[in-house]
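In: give the three-dimensional model of this entry:
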Amino acid sequence: MLHASRAQPTPSVSFLLVGYLSMSLPDTVTESLDRVAGFTAFATVGALGLTQDLTHAVLESIGDMEGADPEVVAEETLCLVATATARAAEVGLEEEADHRPSIVQTLLDLPFTYRDYLIGKAMVADQNPELSEVGEQVRERLQGKREFYTTHLPEGQFPGPHALSDKMELWMGRVSPPKLPETPQERLESLGLVEPTVAHLKLVLAYGRRGAPPTGDSPAERQKA
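Out: Residues are numbered from 1 along each chain as shown. Have a look, this model is predicted:
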């Protein structure tokens with residue numbers, strides 16, 4: 001059984017605390033925090049959705065081929081997408097100097113956050129705290145994968161189509177089982193995976209620069225219209 005380490009405040013007290021903090025913050029600070037929360041949620045949802053799409057496409061193309069490892073594909077893909085998303089955010093948030101470092105780090109840490117969620121969910125479901133040891137093994141694997149992609153996707157540079165294609169070719173080589181008849185470049189082109197990745201990164205970049213989702217439906221966009 002998992003036990004809370006300390007008592008949590010009652011809902012009424014929590015509500016009062018949130019209300020007090022909201023009332024005590026200047027409007028400009030509140031608006032800035034809203035933008036940070038909205039942007040981070042937008043980029044995270046996009047990164048996880050893209051990761052699922054890329055992972056599904058790769059696994060479907062591989063099938064039951066010997067040497068295929070769905071776990072490796074998922075981990076490599078999430079580390080690639082999280083790093084590329086963080087680089088796009090870093091460029092797009094040039095005007096948010098106060099919040100940019102924490103947002104970028106949050107996106108870079110997305111593979112570890114997702115790992116923590118899955119391990120925690122399994123621990124609660126199975127009531128087995130020993131699963132935390134498995135979590136540490138996963139963390140070590142993810143650390144090496146993230147270092148690979150942060151090295152190949154430099155800080156302060158938006159991953160454009162050409163550069164991203166080169167890096168995704170490396171990714172395709174890492175997630176593909178041996179002895180495939182096609183090269184990683186040929187597989188990448190035949191599956192058409194660069195274009196949706198670039199589209200995701202452009203969306204993140206646009207949101208960062210405009211301070212609102214690039215849909216035309218936000219209050220800020222309606223005011224501009």
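In: low pLDDT regions in the chain?
Out: 1-29, 129, 131-132, 216-225 (pLDDT under 70).
In: give me that answer again for 90
Out: Low-confidence segments of the chain (pLDDT under 90): 1-36, 62-69, 95-98, 116-139, 177-181, 211-225.
In: for the longest helix anywhere in it, packing partners?
Out: Of all the segments of type helix in the chain, defined by DSSP state H, the longest one is helix 27-62. Where contact means 3 or more Cβ pairs under 8 Å, 6 or more residues apart in numbering; DSSP states H and E, helix 27-62 is packed against helix 70-92, helix 100-108, helix 110-126, helix 184-191, helix 194-210. Where you see a C-beta, it was placed from the backbone N, CA and C, and this is true even at glycine.
In: same thing but 7 Å
Out: Applying 3 or more Cβ pairs under 7 Å, 6 or more residues apart in numbering; DSSP states H and E, we find helix 27-62 packed against helix 70-92, helix 100-108, helix 194-210.
In: mind listing what's buried along the first one?
Out: Okay, so that is helix 70-92. 72-92 (16 or more other Cβ atoms under 10 Å).
In: coming back round to it: could you dump the helices and strands packed on helix 27-62 into TSV and include distance to T51?
Out: Shown next, in TSV, are those (distance: least, Cβ to Cβ, whole Å):
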stretch	distance to T51
helix 70-92	5
helix 100-108	12
helix 194-210	10
